[in-house]
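K.L.:
Fold the following for me, if possible:
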Amino acid sequence: MEYLFKFFAIFFTCLFKFVAGPILGAAAGFGLFEIVFVTLSGMMVSVLFVTYLGNWFKSHWTLSVNKKRFTKQKRRIVKIWQKFGVIGIAIATPIFLTPIGGTIIMVAFNVKRNRILTYMFVSGLVWAIIMGSSINWIMAIPLFQELFG
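P.N.:
Okay, the predicted model is just below:
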């Protein structure tokens, strides 16, 4: 029961922040496979939710607000998009953005659902393996075992 509580607590954290999965998974004593699974599953649930909800929201709601059309933040997002594209956003999402933020950017630029899901899955898998194994490697150092053990 305690294991399930830890797993779902980490899962729900990963819905909003990817980096928390490997850190909390290692702190909970999970192995690399468990860390990758819980981190990737949390990220992908939020990506699925935002992808389908974002497309639904765009098709059913129109917001007409008298805001500036081009703000500094919007220009920055467009520059990043033009420079790096879908793959760049997918690679940057787990580290610099949240799964929700990266997915919203992709939906806003009308990326097809299957491309969003594929690129985010591959990016999340690679980053989860890198981060999970790095944390496990660091925790194997005797100094850190004494500090955190």
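
K.L.:
Alpha carbons of stretch 128-136, as PDB, please.
P.N.:
Extracted C-alpha coordinates of stretch 128-136, given in PDB (Å, rounded to 0.1, in the frame of the first residue of the first chain):
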ATOM      1  CA  ALA A 128      13.800   9.900 -18.100                       C
ATOM      2  CA  ILE A 129      16.500   7.300 -18.800                       C
ATOM      3  CA  ILE A 130      19.300   9.900 -18.700                       C
ATOM      4  CA  MET A 131      18.100  11.600 -15.600                       C
ATOM      5  CA  GLY A 132      17.100   8.400 -13.800                       C
ATOM      6  CA  SER A 133      20.400   6.700 -14.400                       C
ATOM      7  CA  SER A 134      22.400   9.900 -13.600                       C
ATOM      8  CA  ILE A 135      20.700  10.200 -10.200                       C
ATOM      9  CA  ASN A 136      21.200   6.500  -9.500                       C
END
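
K.L.:
buried residues in it?
P.N.:
By 16 or more other C-beta atoms under 10 Å, the buried positions in stretch 128-136 come out as Ala128, Ile129, Met131, Gly132, Ile135, Asn136. Bear in mind the C-beta positions are built from the backbone N, C-alpha and C, glycine included.

K.L.:
quick one: low-confidence ranges for the protein?
P.N.:
Applying pLDDT under 70 to the chain picks out residues 60-69, 148-149.

K.L.:
Let me see the contact set for the spatially most central residue of the chain.
P.N.:
Computing the C-alpha centroid of the chain and ranking residues by C-alpha atoms, centre = their mean puts Pro99 first, at 3.2 Å. By C-beta atoms under 8 Å, 6 or more residues apart in numbering, the residues touching Pro99 are 14-16, 18, 42-44, 46-47, 50, 93, 120, 124.

K.L.:
Neighbour-wise, which one of these leads?
P.N.:
Neighbour tally across the contacts of Pro99 (other C-beta atoms under 10 Å): the maximum, 31 neighbours, falls on Met43.

K.L.:
hang on, Ala20 packs against Cys14?
P.N.:
Yes: when contacts are counted by C-beta atoms under 8 Å, Ala20 is listed as touching Cys14 (6.2 Å).
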